[in-house]
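Participant: Just the structure for this:
(3 chains)
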Amino acid sequence: MTHSIASPLAAAVADHPGFLSPTGVEIAFVLVGLATLGAAVITVTTRQLVHAALWLVVALGGLAVEYLLLTAEFIAWVQVLIYVGSIVVLLLFGLMLTRAPIGRSPDADSGNRWVALGVALAAAAALVWIVVDAFRTTWIDLEGPAQGSTAVTGAFLFRNWVLPFEALSVLLLAALVGAIVLSRKHDTDAAVRSAPDTAARRDQGRSKGEGPGKEGQS
Amino acid sequence: MTTTTLAALVPLLPFLGAVAGLALGRTAPGFVRPLAILPTLTAAVVAVIVAVRQGGGRAIDAATQLTPTGSVPIDLALHLDGFAVLVAVLVTVVATCVQLYSTAYLRDDARYPSYAALVSLFTSAMLLVVYSGDLMVLLVGWEIMGICSYFLVGHYWETPEARAASLKAFLVTKLGDVPFLIGLFALAADTGSFRITKILAAVTNGGLDHPTLIALLLLAGVAGKSAQFPLHTWLPDAMAGPTPVSALIHAATMVAAGIYFVARLLPVFAASGAALVVLAVMAAVTMIGSGLAALAQDDIKRVLAYSTIGQLGYMSGALAVGDRGAAVFHLISHGAFKAVLFLAAGVVIHAAGTNSLAAMSRMGGLARRIPDAYWTMTVALLALAAIPPFAGFFSKEAVLVAAEHTAMGDRTVAPAAAGWTILVAGLLAAALTAAYATRFWLLAFKGRGAEVPDHGRQPLAMTSVLWVLAVPTIAFGLTAGVIGDWFDGHALTPSLTTAVLSTGVGLVGGLVTYGAWRHTTALAARTPIGAVAAHPGAEPALVEAEAMTSHTAAYGTIADAADPADPGRLLLGPLHRHAVTGFHLDALYTAVFVRPVQQAARLVRFLDRTVVDTYVDGSGAATRLLGTAVRRAQTGNVQTYLSVLLAGSLVLAIAAVVFANVNAGS
Amino acid sequence: MHLAYPAVLAALLFCTGLYGVLARRNAILVLMSVELMLNAVNLNLVAFDVWLRDTLHSGQALTLFTIAIAAAEIGIGLAIVLAVYRNRGSSDIDRLRDTAETDEADAEIDAADAADAASVSADAQPHRRAEPAGKSTNAGTTTNAEATS
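Facilitator: Here you go, the predicted structure:
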């Protein structure tokens, strides 16, 4: 199977260099990749929740470098801007808002961790085996004009992908509205707090305020 | 209206009355009595008109087919010959009297509406049997009668005797009905039709392939319905029903149906000499056995029940010698005087407060308290004992004459052996009949002892019908010379030999019983006996129900009383013990049929409870266990679910890759 | 450059994220792991796009879209986590077990929690149970938490 996919292209690049004579780009890629992977592993294993977020920054940054090495420079900058810049900051805010403990937290991992480890290792073995089996002779030709420069990206994005791009903006808007609705405090809570004297109304308000909780609860 | 239309009205009217009675019984109690009496009364009038119009000439046939029923058609057919119209008159008249009588007898009964409707339905079913010209339609009426008798015999279902009796009546008659149904199918298969006229035509042309088989199968049903040996055991127990129901069953419906059916299809039976001999033996055993048993019974209704069995034996005897005129003649006269006997017995039980002859023989002045019942019952007992000039004499004579002619070879319809059997058994039974009739009369009305308490006059509705029915009891026999037209044109007049013989043995039987009574009656004063129920104000049925319930408690058995003053005990001697129980036939049936069935039922119960249920319970428990095991997987933890999901998809992915590689390599 | 390098790196990153999703208790850490998985996919997209020299550059376009969707996802996800935290006083994924199949719902959930806690404490320091519901939250959520507990 894997050969059948790779064979037409493999024939075109049949005279690729072996793994034992790496190019400079490859060496850089492997080194950065190891750092990225290490940061990712620390992210999912560390007991300090805030550290996990910070190690995530390292991992995402490493990936940005990998994008650069693959000549996709626009995506690399987007990665840095959005992931490192905004998403990790959001996650940090989330950690703070949920009063995540600072320092080592003994129960950061659930009781499921050994099962998780088994599944993850098995998945890694299977995926690596399949990927290596399929693509061990495939060669990426990084020569020629850059394929991911801002000019090129702008050209294909707004020439070929403009409609999905607009649809995506609607999706982001919907997400924005949804996030606001979800995180907004309910008016009824305020009503209860302003008039705490009537037990009946408190019960009423309580049952209303319970609304969102009920969905996951009953 | 044409005669056919009128005849169709006869069964239809009581049926509509029954339907209306059932429908309106609760909502409009005021209509129940009119709805019970008027349709039956109208039917009686119409039946008389039909009988007059038919005039005993050629049979009137009319048929209509509702729907095609395949190779053997079933028609709604009327077959009105002389027998049919006369029996219909008897049925409707007796049913009207019974309905009238019931209005007083069961006047406070909460279940009177359904009772009256069932009596009407019963009457209607019998009329359907009588008029029907198609055996399948006849069977419908036949089975409706079975279920009606079940309900009516079990009217006092609060008492265990009534419950047992109704079940027994139903099951024993059903036992006969199964072969009966098979016999009907065999008959239709041989002749290609259920129409009586076509069957008779086919039989005349010799179209029956298996006459003996068919006749014997049909005889089983007849024996069940008409209470002939050996399927007669339900009839004495059916006395647990109300007295008017007994009168109806014994005089007009149900037991008459079997005899009437054989009379209708007599050529089918006559085609097989063996069947006639079997019928003759059956009749002879029935006559003598029931006579002996009647002499030993203590319950007056059981005496009458055994006498019915015996008189039915005479009718089967007449059929066994191939004379259906005599059989139906006796059927009608017996219907009249047996109705009187039963209805009067109801009055007697009410007045005496007991159904035990032993207890009555220790009461004085019962005859003075209830003169209507006394006189009509005396007449009816004379008719039963075949003393001239009452109806029973003429009809029994007709039977004996037919038997004599057959025995002497003057009639060739039946084998001479059958004739001799019937003649000898009939004469013996005549003596026995006279004996138990005398015993009955002496013990019931000539008792000595404390005066019967005065319950006031009996209701007019009860006494008047006794006199109405006493008229045919007295006079019907005298018409023997006139009504021959209705009975195939046979002469039904008695002959000198048999008349002298039978009257002679009858008188001997009566006188011997009288002598024995005189001998034993001195003993009566010494032993007070019995329990008496007294409800002067209540409906008569209440007294009867209590008397029946208390009989077993007072005497230890339903049939017997340890009464040394009983002339029957002296006459029967060592036989008495056996005669009381109906010659242990019930015990035999219990041993042969009931116990094995109960054992089988117990086995089935065991198999069901312990073997089958184990599997059922096991499957349930296994499912529960499995469910409990699976429940444990439902932890509610999303991560567990996701882990398992991913592990599963991983396995699938690896399997897909491996198989793809293996296939690619091969 | 060999395609195997980015492909293997992507596979390993994906499995790391997978482990995080399955093993982490805090919902926000789970969200981080999801980000790792998404990034692994992005890396694949970019690498294959470069390799195939696609004229439409589907890979890079989809990478951009994925990044945008990931941003939306993290926003919504965090909002949900915060809502749960407000109602329950905890954002631990394995404590949200209301759909568990039990006879005596609460008792058995507690038992399962105790079992989990025991297994956790077996390989960690003496652990600190999550605070009783509502103790550390404001007044408004206290009423809710009491109503739910």
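Participant: Would you map the strands across chain A?
Facilitator: Assigned by DSSP state E, the strands in chain A number zero.
Participant: By mean pLDDT, point me to the weakest helix or strand of it.
Facilitator: None of the helices or strands of chain A scores lower by mean pLDDT, DSSP states H and E than helix A:211-215, at a mean of 40.
Participant: Any stretches of the chain with poor pLDDT?
Facilitator: Answering for chain A, as no chain was given. Residues of chain A meeting the criterion pLDDT under 70: A:1-17, A:186-218.
Participant: you looked at the wrong chain, it should be chain C
Facilitator: Applying pLDDT under 70 to chain C picks out residues C:102-113, C:116-149.
Participant: Tell me where it has helices.
Facilitator: Counting by DSSP state H, the segments of chain C that form helices are C:4-23, C:27-52, C:58-88, C:105-122, C:139-148.
Participant: Would you convert those helices into CSV that also reports distance to residue B:79 and mean neighbour count?
Facilitator: For glycine as for every other residue, the C-beta is placed from the backbone atoms N, C-alpha and C. Converted to CSV, the helices of chain C look like this (distance: least, CB to CB, whole Å; neighbours: other CB atoms under 10 Å in any protein chain shown):
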stretch, distance to residue B:79, mean neighbour count
helix C:4-23, 92, 25
helix C:27-52, 94, 24
helix C:58-88, 90, 21
helix C:105-122, 78, 14
helix C:139-148, 86, 18
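Participant: Can you say which of these is nearest to chain B?
Facilitator: Across the helices of chain C, chain B has its closest neighbour in helix C:4-23 (5.1 Å, CB to the nearest CB).
Participant: So which elements touch that closest one?
Facilitator: In terms of contacts (3 or more CB pairs under 8 Å, 6 or more residues apart in numbering or on different chains; DSSP states H and E), helix C:4-23 is packed against helix A:24-45, helix A:49-69, helix A:113-135, helix B:638-665, helix C:27-52.
Participant: What residues does chain C have near chain B?
Facilitator: Applying CB under 8 Å from any CB of the partner chain, we find that chain C lies next to chain B at C:18, C:21-23, C:93-94, C:96-101, C:109, C:112.
Participant: between those residues, which is nearest residue B:473?
Facilitator: residue C:101 (83.9 Å; CB to CB).
Participant: where does the stretch 451-600 of chain B have low pLDDT?
Facilitator: B:455-456, B:480-482, B:484-485, B:488-492, B:523-538, B:553-554, B:556, B:558-562, B:564.
Participant: from it, which residue is nearest to chain C?
Facilitator: Closest point on the stretch 451-600 of chain B to chain C, by CB to the nearest CB, is residue B:600, at 44.5 Å.
Participant: How about the stretch 351-500 of chain B?
Facilitator: Closest to chain C within the stretch 351-500 of chain B is residue B:355: 64.8 Å, counting by CB to the nearest CB.
Participant: Quick check, that residue in contact with residue B:301.
Facilitator: Yes - between residue B:355 and residue B:301 there is a contact at 6.1 Å, judged by CB atoms under 8 Å.
Participant: Can you work out which residues contact both of these two?
Facilitator: Taking CB atoms under 8 Å, 6 or more residues apart in numbering or on different chains as the contact rule, residue B:355 and residue B:301 both touch residue B:349.
Participant: per-residue confidence for the residue nearest to residue A:122 when sequence neighbours are not counted?
Facilitator: Nearest residue to residue A:122, sequence neighbours excluded (CB to CB, 6 or more residues apart in numbering or on different chains): residue B:650, at 5.7 Å. Note on residue B:650: pLDDT of 91.
Participant: Residue B:650 touches residue A:126, doesn't it?
Facilitator: Yes - the criterion here is CB under 8 Å, and residue B:650 meets it with residue A:126 at 6.2 Å.
Participant: got a list of what the residue of the stretch 351-500 of chain B closest to chain C touches?
Facilitator: For residue B:355, the contacting residues are B:299, B:300, B:301, B:349, B:544, B:547, B:548, B:551, by CB under 8 Å, 6+ apart.
Participant: Keep only those of those that are in helices.
Facilitator: Going by DSSP H, the helices hold B:300, B:301, B:349, B:544, B:547, B:548, B:551 from these.
Participant: In PyMOL, how would I select the buried members of those residues?
Facilitator: To isolate the buried ones among the ones in helices among the contacts of residue B:355 in PyMOL, judged by 16 or more other CB atoms under 10 Å in any protein chain shown, type:
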select buried, chain B and resi 300+301+349+544+547+548+551
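Participant: Could you tell me how many residues sit around residue A:118?
Facilitator: Residue A:118 has 14 neighbours, counted by other CB atoms under 10 Å in any protein chain shown.
Participant: ok, now how distant is it from residue A:128?
Facilitator: 16 Å (CB to CB, to the nearest Å).
Participant: Check the burial of the residue of the stretch 551-666 of chain B found nearest chain C by counting its neighbours.
Facilitator: With CB to the nearest CB, the shortest gap between the stretch 551-666 of chain B and chain C falls at residue B:636, namely 2.9 Å. Using other CB under 10 Å, residue B:636 has 19 neighbouring residues.
Participant: And for the one 10 residues further on?
Facilitator: Residues within reach of residue B:646, counting by other CB under 10 Å, total 19.
Participant: what do you get for residue B:624?
Facilitator: 10.
Participant: Phi first, then psi, for residue B:68.
Facilitator: Backbone geometry at residue B:68, expressed as degrees, to the nearest 10, gives phi -60, psi 140.
Participant: let me redo that: residue B:79
Facilitator: When read as degrees, to the nearest 10, the backbone of residue B:79 gives phi -130, psi 100.
Participant: measure the residue nearest to it when sequence neighbours are not counted to residue B:260 for me?
Facilitator: Distances taken as CB to CB, 6+ apart put residue B:133 closest to residue B:79, at 3.1 Å, once the chain neighbours are dropped. The spacing between residue B:133 and residue B:260, counted by CB to CB, is 13 Å.
Participant: Over to residue B:245?
Facilitator: For residue B:245, the distance to residue B:260 - CB to CB - is 19 Å.
Participant: re the thing from before, just checking, the residue nearest to residue B:79 touches residue B:195?
Facilitator: Yes - Residue B:133 lies in contact with residue B:195 (CB under 8 Å); the separation is 6.1 Å.
Participant: Spit out the residues that contact the two alike.
Facilitator: Common contacts of residue B:133 and residue B:195 (CB under 8 Å, 6+ apart): B:63, B:75, B:77.
Participant: tell me which of those residues is nearest to chain C?
Facilitator: residue B:75 (67.8 Å).
Participant: how about that closest one, what does it touch?
Facilitator: Contacts of residue B:75 by CB under 8 Å, 6+ apart are B:63, B:64, B:65, B:133, B:134, B:137, B:194, B:195.
Participant: can you tell me which of these are in strands?
Facilitator: B:63, B:64.
Participant: List buried members of the contacts of residue B:75 by neighbour count.
Facilitator: Buried by 16+ other CB under 10 Å: B:133, B:134, B:137, B:194, B:195, out of these.
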